[in-house]
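Visitor: fold the following for me, if possible:
(one chain, ligands or ions: 2)
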Amino acid sequence: MAFRSGFIVLLGRTNVGKSTLMNRIIGEKVSITSPKPQTTRNRIMGVLTNKNSQMVFIDTPGIHRGSKGLNRIMLNTALSAKEDADLVAVMIEARDMPHGIDLELIGGLSTSGPPVILLINKVDKVKKTIVLPLIDRMAKLYRFETIIPISALKGDGVVDFITEAERLLPEGDPFFPEDTLTDVSERFLAGEIIREKAINLTHQEIPYAVAVSVEEFSENQEKEILKISAVIYVERDSQKGIVVGKGGGLIKEIGISARKDLEAFFGIHVFLDLRVKVMKDWAKRDDSLKRLGYR
Ligand code: GDP
Ligand code: MG
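Guide: Ligands and ions are numbered 1, 2, ... in the order given. Here you go, the predicted model:
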């Protein structure tokens with residue numbers, strides 16, 4: 001049997017479940033999931049190598065309306081990822097009516113591009129009776145290779161997706177060594193884990209405003225400890241107050257929770273040093289976006 005390999009881009013509205021699916025497929029905390037939208041800013045790649053194939057999944061930052069600085073960058077990243085793809089998987093949520101953004105996204109698919117699979121996610125949340133009519137409705141909108149109802153969270157349908165994806169990839173050699181899980185650096189992943197905690201624990205709508213820069217990432221092999229120093233950047237003094245919390249309580253909580261995940265992820269004791277700094281309006285400025293690695 002010929003070996004197949006290729007890049008599979010996941011496209012879909014923020015919060016639809018792309019990162020959850022990536023995590024399920026790759027089996028590690030490759031993408032960062034969050035109950036709040038807009039937590040995946042950079043593309044993250046997960047590699048699944050089987051006996052007969054290598055699938056490289058690209059988790060895109062989601063599709064947004066609006067044209068503010070960061071939104072535009074996220075949209076461009078998503079669209080440019082689509083152009084390099086061997087296969088596109090568009091994800092929508094199971095519900096009576098597809099979301100307007102889903103329709104826009106599907107409308108933007110070219111008929112000459114790579115094959116497209118439609119994933120209808122979160123079927124665990126809805127009555128079975130809404131799924132079939134939704135499949136019918138979606139099938140009329142575009143010539144999808146196949147439409148697969150899944151639950152990224154519970155796992156239903158995920159094997160079907162992988163089987164179909166493998167079938168649709170071109171023949172070719174693997175792109176990466178077979179033990180590769182992800183291309184992003186451990187340093188970057190460490191920053192994403194910290195950012196996830198900061199966003200989730202602030203219970204505020206400030207995901208746009210939080211960026212993390214990992215200043216030190218060094219392993220002391222003798223002492224078997226990983227030292228990570230990171231700065232959480234926010235845009236305004238008031239946000240700094242939120243992240244630090246009363247008497248430093250919240251930043252402490254963020255640190256404890258992040259350290260737990262970092263230790264589980266890297267499999268080694270972690271010494272974590274966290275600071276919070278204000279970088280005025282960083283999300284609107286080209287220079288600071290570059291500095292923080294967002295472009
Ligand atoms: P992304 O923005 O597309 O990457 O979405 P995430 O993967 O971060 O998921 C957003 C939220 O939806 C999280 O709270 C997930 O736990 C939840 N979620 C994802 N997939 C499913 C699913 O199949 N069923 C249910 N019930 N929730 C899901
Ligand atoms: Mg995500």
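Visitor: by mean pLDDT, which helix or strand of the protein comes out lowest?
Guide: Least confident element among the helices and strands of the chain, by mean pLDDT, DSSP states H and E: helix 69-83 (a mean of 52).
Visitor: give the next helix or strand downstream of that helix.
Guide: Sequence-wise, the next helix or strand downstream of helix 69-83 (DSSP states H and E) is strand 87-93.
Visitor: strands of the protein, start to end?
Guide: Along the chain, counting by DSSP state E, strands occupy 4-12, 44-49, 53-59, 87-93, 116-121, 146-149, 211-220, 225-234, 269-278.
Visitor: and ligand 1, is the fourth one touching that?
Guide: No: on the criterion Cβ under 6 Å from any ligand atom, strand 87-93 is out of touch with ligand 1, staying 6.9 Å away. Every residue, glycine included, has its C-beta placed from N, CA and C.
Visitor: summarise which helices and strands that strand is packed against.
Guide: Here strand 87-93 touches strand 4-12, helix 100-107, strand 116-121, helix 158-168, going by 3 or more Cβ pairs under 8 Å, 6 or more residues apart in numbering; DSSP states H and E.
Visitor: how about R275, nearest residue that isn't a chain neighbour?
Guide: Sequence neighbours aside, V231 is the residue nearest to R275 in space, at 5.1 Å (criterion: Cβ to Cβ, 6 or more residues apart in numbering).
Visitor: what residues does that neighbour make contact with?
Guide: V212, S213, E215, L274, R275, V276, K277 (Cβ atoms under 8 Å, 6 or more residues apart in numbering).
Visitor: repeat the analysis, applying 10 Å as the threshold.
Guide: Residues near V231 by Cβ atoms under 10 Å, 6 or more residues apart in numbering: 191, 194, 211-215, 273-277, 279, 292.
Visitor: near ligand 1, which residues of the stretch 101-250 of the chain show up?
Guide: So the stretch 101-250 of the chain meets ligand 1 at N121, K122, D124, K125, S151, A152, L153 (Cβ under 6 Å from any ligand atom).
Visitor: among those residues, who's most crowded?
Guide: In terms of neighbour count, A152 stands highest of these at 26 neighbours, by other Cβ atoms under 10 Å.
Visitor: measure the spatially closest residue to V243 that is not a sequence neighbour to ligand 1 for me?
Guide: In space, and not counting its chain neighbours, V243 is closest to V276: 5.0 Å by Cβ to Cβ, 6+ apart. Distance check for V276 against ligand 1: by Cβ to the nearest ligand atom, to the nearest Å, it reads 24 Å.
Visitor: you'd agree V276 is up against R236?
Guide: No: counting by Cβ atoms under 10 Å, V276 sits too far from R236 to count as a contact (11.7 Å).
Visitor: between these two, tell me which one has more neighbours.
Guide: Set V276 next to R236 and count neighbours by other Cβ under 10 Å: V276 wins out with 21 against 14.
Visitor: next one, pLDDT for that one please.
Guide: Model confidence at V276, given as pLDDT, is 95.
Visitor: please name the bridge partners of it.
Guide: Beta-bridge partners for V276, by DSSP bridges, are I232.
Visitor: before we move on, back to that, how about the residues of the stretch 101-250 of the chain next to ligand 1, which pair is most distant?
Guide: Within those, K125 and A152 form the most distant pair, 11.2 Å apart (Cβ to Cβ).
Visitor: P174: what's its closest spatial neighbour, skipping adjacent residues?
Guide: Distance criterion Cβ to Cβ, 6+ apart; nearest residue to P174, sequence neighbours excluded, is Q54 at 4.1 Å.
Visitor: if I look at that neighbour, how far off is ligand 2?
Guide: For Q54, the distance to ligand 2 equals 22 Å [Cβ to the ion, to the nearest Å].
Visitor: what does V116 give?
Guide: V116 is 19 Å from ligand 2, where distance means Cβ to the ion.
Visitor: what of G17?
Guide: 8 Å.
Visitor: burial measure for the closest residue to L262 other than its chain neighbours, as a count.
Guide: Closest residue to L262 apart from its sequence neighbours, by Cβ to Cβ, 6+ apart: V270 at 4.6 Å. The local packing of V270 (other Cβ under 10 Å) involves 19 other residues.
Visitor: just to revisit the earlier point, now mean pLDDT too, for the helices and strands packed on strand 87-93, in CSV please.
Guide: Below are these laid out as CSV (pLDDT from 0 to 100):
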stretch, mean pLDDT
strand 4-12, 90
helix 100-107, 82
strand 116-121, 97
helix 158-168, 96
